[in-house]
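In: Sequence and predicted structure below; questions after.
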Amino acid sequence: MRANLVRERDGTANWQMSAGAIEDDDAQRAPMLPTVDRLVVEEGHVRVEDEVLDLDLALDLRTDESSREQAPASPGLRVEGKGTYKDSPLRLMVTSAGALRAAEGATRQGGSVTLQARVHLASTELRFDGTAGDFPVWASSAAASR
C-alpha cells in the first residue's frame, strides 16, 4: 500500500473527498463503514507533504489485525516515521492494538485500545504508554442494515 498525501500552501489537499459543504442532515448522520474482520498491511508507505504545517514525513506501517472475537492477541498496528517539522528533525514510532479494535469499540459506544507512542522532535521527546478511546461512533454497514 502506498499513499502520497499533499496539502498545498493555499490549503488545497489531495485527501479532500468533497468540495461541497456538509449539510446539517449529513453532519448528524454517522458515516457508513464496511464491516472488516481482518486487516493486513505488510508494507505500507505513506508520504505526507503539508506546506501549511511545514511538515514532510515518510511513514512505514504494517498491521495484522483481526477482530477481538477472531484473534484476541493479534499483533496490531506499528507505524514508524521520519522527516521534518518546521525544518527540525522528526522521528516517531507508534504501536497499538490497531484500528479494527478502535472501530470495534466505537461501534459499541465506547472501548479503547492500547497505544504506545514515541515522538522525537529536535531535542524534545514525547512518550506515551496507555490507552486511547472515546472514538467517534461509526455505523458499520452490517449494523445499519438491521
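Out: That came through fine.

In: the strands in the protein, which residues?
Out: 2-7, 32-33, 38-50, 55-66, 76-85, 88-96, 112-121, 124-133, 139-140 (DSSP state E).

In: and these as CSV, adding mean pLDDT, distance to Trp15 and mean neighbour count?
Out: Placement of C-beta: from N, CA and C, glycine included. As requested, those are arranged in CSV below (pLDDT from 0 to 100; distance: least, CB to CB, whole Å; neighbours: other CB atoms under 10 Å):
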stretch, mean pLDDT, distance to Trp15, mean neighbour count
strand 2-7, 94, 5, 13
strand 32-33, 59, 17, 14
strand 38-50, 89, 10, 14
strand 55-66, 88, 14, 18
strand 76-85, 93, 17, 17
strand 88-96, 95, 19, 16
strand 112-121, 90, 22, 16
strand 124-133, 90, 22, 11
strand 139-140, 47, 22, 16
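
In: what's the distance between Val52 and Arg2?
Out: 23 Å (CB to CB, to the nearest Å).

In: In contact with Val94, which residues?
Out: Taking CB atoms under 8 Å, 6 or more residues apart in numbering, we find Val94 in contact with 77-79, 115-118.

In: 7 Å - rerun?
Out: Shown in contact with Val94 (CB atoms under 7 Å, 6 or more residues apart in numbering): 79, 117.

In: if we look at the sheet, which residues does it bridge to?
Out: Bridge pairing for Val94 (DSSP bridges) gives the partners Val79, Ala117.

In: picking that back up, so for Asn14, which of the strands of the chain sits nearest?
Out: Each of the strands of the chain has some distance to Asn14 by CB to CB; the shortest is strand 2-7, at 5.0 Å.

In: CA atoms only for the closest one, dumped as CSV, please.
Out: Presented in CSV, the C-alpha positions along strand 2-7 are these (Å, rounded to 0.1, in the frame of the first residue of the first chain):
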residue,chain,number,x,y,z
ARG,A,2,1.3,3.4,-0.9
ALA,A,3,-0.3,6.8,-0.3
ASN,A,4,1.0,10.3,-1.0
LEU,A,5,-0.8,13.0,0.9
VAL,A,6,-0.1,16.5,-0.2
ARG,A,7,-1.5,19.8,1.1
